[in-house]
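**Q** how does the following fold in three dimensions:
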Amino acid sequence: MWNSLRSVSRRDFFRATAVGGSVAALHLGGFAQPGGGPRADESSTSRSDSGAEFITPETQSAIDRGLALLAQSQGADGSFGSHITGAAAGIAGLSGLALLGAGHQPGRGKYGKNVSRAVDYVTGLVAGTNPGFLSDTPLARVSTQPRAMYSHGFASLFLAEVCGMLPEAQRQKRVRAVLEKATAFGASTPNTEGGWRYEPNAPFADVSVTVAMMMGLRAARNAGVFVRKDVVRRGAKYIRECQVADGGFCYIKGAGPSAFARSAAAVVGLYSASIPEDERVNGRAIERGLQYLQQFTPNHSFNPRPAIPADYYYYGQYYAALAMWSAGGDYWRTWFPAIRDELLGRARANGGTWGDNRHGSAYATAMSLIVLQLPNNYLPILQK
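**A** Here you go, the predicted structure:
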């Protein structure tokens, strides 16, 4: 059954080895399904499925510098960067994911303490009037702060990914309890269309918030938290209904054109559903979405790609990289070196770091680091 099965992941490996156990062989798997293996003219041993060989010395130097800057931006309360109203929990979640993506875990690794503090910050948000809602914005005001529901999705994803990695029993117990509350909140808040919007049970949904919530639910399910199957199926159906004729996705069902960032997110949302009986219908939508996204390949030498709005650049590249990683094969092997080079160029042009005028440098740095470190294969939800 969808709700009771959980793939063996690096979370299980870390949990086993943390208590002195040994693991001879584990099958690692998340929702990512590599595909489209090497072409006939390629050696099967010349390239890895992950593209780990694409992390060049320059790339690793940029990653190391970004991790250090991200850690330095963490506040005394465990949050990261400046507090953007309604987004602090999400940015903390993304920053925590970026540190996990380098192999740092709570209490382990150079930035283990930073991860632990991020965990404490996010779990500390569930109290009083916000039972299960991971946000620095009170639930009563969420409709005035559209970032808050996005933030809940990203923060939930972080807690689900770190759940099981904590060496202290009490902290692990708290993370599990908060994750269960956050998951229950998320599963109870889609609207009648099956998707999510800025506020719980909104009159209509949008594809972007829906994907953030779907990823959080998927990661929670991987961590062993119960999620009703019908909630996920209806979310995936809403995403499919946002697909338009060119293969891309509109923002709100039945309204507006396709665009890069929302389409990249939609593909990831459909991958995250991972329901066997819907595999065919979701797969067709995913394939059309991937073909649409190819026109936005970074540094493409043919047919200049359409412009990507600056406000959605890092958001779009985060989801596009996740989409191509999940697709695997030539999709990934073409996309990753291109976005790697583009992100490195942006860092060089910005004094060695990444910045975003709207959401702050911690947000842009975390998003960039998650993309650049995907070949590490450390995040449980994306493991191959």
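**Q** quick check: the gap between the residue nearest to residue 257 when sequence neighbours are not counted and residue 158.
**A** Take residue 257 and drop its neighbours on the chain: the residue closest to it by Cβ to Cβ, 6 or more residues apart in numbering is residue 250, 6.2 Å away. (Each C-beta comes from the backbone N, C-alpha and C, glycine too.) Residue 250 is 28 Å from residue 158, where distance means Cβ to Cβ, to the nearest Å.
**Q** do the same with residue 72
**A** 19 Å.
**Q** quick one: low-confidence ranges for the stretch 201-350 of the chain?
**A** 300-305 (pLDDT under 70).
**Q** now do 80
**A** Within the stretch 201-350 of the chain, the segments meeting pLDDT under 80 span 299-307.
**Q** what about residue 134, distance to residue 369?
**A** 21 Å.
**Q** what does residue 236 give?
**A** From residue 236 to residue 369 the distance is 28 Å (Cβ to Cβ).
**Q** do residue 246 as well
**A** 31 Å.
**Q** the two: who's more crowded?
**A** residue 369 (25 against 13; other Cβ atoms under 10 Å).
**Q** that one contacts residue 100, correct?
**A** No: Residue 369 is not in contact with residue 100 according to Cβ atoms under 8 Å; the separation is 10.2 Å.
**Q** follow-up on the earlier one: so residue 72 and residue 158 - more neighbours on which side?
**A** Neighbour totals were compared for residue 72 and residue 158, and residue 158 leads with 30 against 10 (other Cβ under 10 Å).
**Q** against residue 60, how distant is that one?
**A** Look at residue 158 and residue 60: by Cβ to Cβ, they are 23 Å apart.
**Q** one more: residue 67?
**A** Going from residue 67 to residue 60 by Cβ to Cβ gives 10 Å.
**Q** these two: which has the busier surroundings?
**A** Each of residue 67 and residue 60 has its neighbours counted (other Cβ under 10 Å); residue 67 has more, 23 against 12.
**Q** quick one: that one is in a helix?
**A** Yes: under DSSP: H, G, I helix; E, B strand; the rest coil, residue 67 sits within a helix.
**Q** correct me, but it touches residue 100?
**A** No: using Cβ under 8 Å as the test, residue 67 is too far from residue 100 to be in contact (11.1 Å).
**Q** can you give me the helices for the stretch 101-250 of the chain?
**A** All helices of the stretch 101-250 of the chain, identified by DSSP state H, counting those that start in this stretch, fall at 112-123, 147-162, 169-187, 207-222, 229-241.
**Q** report the longest helix in the chain, please.
**A** What stands out as the longest helix in the chain, according to DSSP state H, is helix 329-349.
**Q** helices or strands next to that one in the packing?
**A** Contact partners of helix 329-349 among helices and strands, from 3 or more Cβ pairs under 8 Å, 6 or more residues apart in numbering; DSSP states H and E: helix 57-72, helix 313-327, helix 361-372.
**Q** between that helix and helix 313-327, how many degrees?
**A** For helix 329-349 against helix 313-327, the angle by axes from the mean of the first three to the mean of the last three Cα atoms, to 10 degrees is 150 degrees.
**Q** just want the angle from helix 329-349 to helix 57-72.
**A** Using the same axes, to 10 degrees: helix 329-349 against helix 57-72 is 60 degrees.
**Q** in helix 329-349, what counts as buried?
**A** Neighbour-count burial for helix 329-349 flags 331-333, 335-337, 339-344, 346-347 (criterion: 16 or more other Cβ atoms under 10 Å).
**Q** any idea how many residues pack against residue 321?
**A** Neighbours around residue 321, by other Cβ under 10 Å: 25.
**Q** if I look at the closest residue to it other than its chain neighbours, what pLDDT would I see?
**A** Of all residues not flanking residue 321 in the chain, residue 371 sits nearest, at 4.3 Å (Cβ to Cβ, 6+ apart). With respect to pLDDT, residue 371 scores 98.
**Q** okay, now residue 371: neighbour count?
**A** 25.
**Q** does it really touch residue 315, like I thought?
**A** No: counting by Cβ under 8 Å, residue 371 stays clear of residue 315, with 11.3 Å between them.
**Q** distance check, residue 354 against residue 98.
**A** Taking Cβ to Cβ, one finds residue 354 at 11 Å from residue 98.
**Q** swap in residue 241?
**A** Residue 241 is 32 Å from residue 98, by Cβ to Cβ.
**Q** neighbour count for those two, which is higher?
**A** Between residue 241 and residue 98, counting by other Cβ under 10 Å, residue 98 is the more crowded of the two (30 against 17).
**Q** local confidence estimate at the closest residue to residue 210 other than its chain neighbours?
**A** The shortest distance from residue 210 to any non-neighbouring residue, by Cβ to Cβ, 6+ apart, is to residue 195 (3.9 Å). Predicted confidence (pLDDT) at residue 195: the value is 97.
**Q** can you check residue 38 too?
**A** pLDDT recorded at residue 38 is 32.
**Q** please apply the same query to residue 102.
**A** For residue 102, the model assigns a pLDDT of 96.
**Q** the residue found closest to residue 335 once you drop the neighbours it is linked to in the chain: what's it in contact with?
**A** Spatial nearest neighbour of residue 335, chain neighbours left out: residue 324 (3.9 Å); criterion: Cβ to Cβ, 6+ apart. Applying Cβ atoms under 8 Å, 6 or more residues apart in numbering to residue 324 gives the contacts 290, 293, 331, 332, 334, 335, 336.
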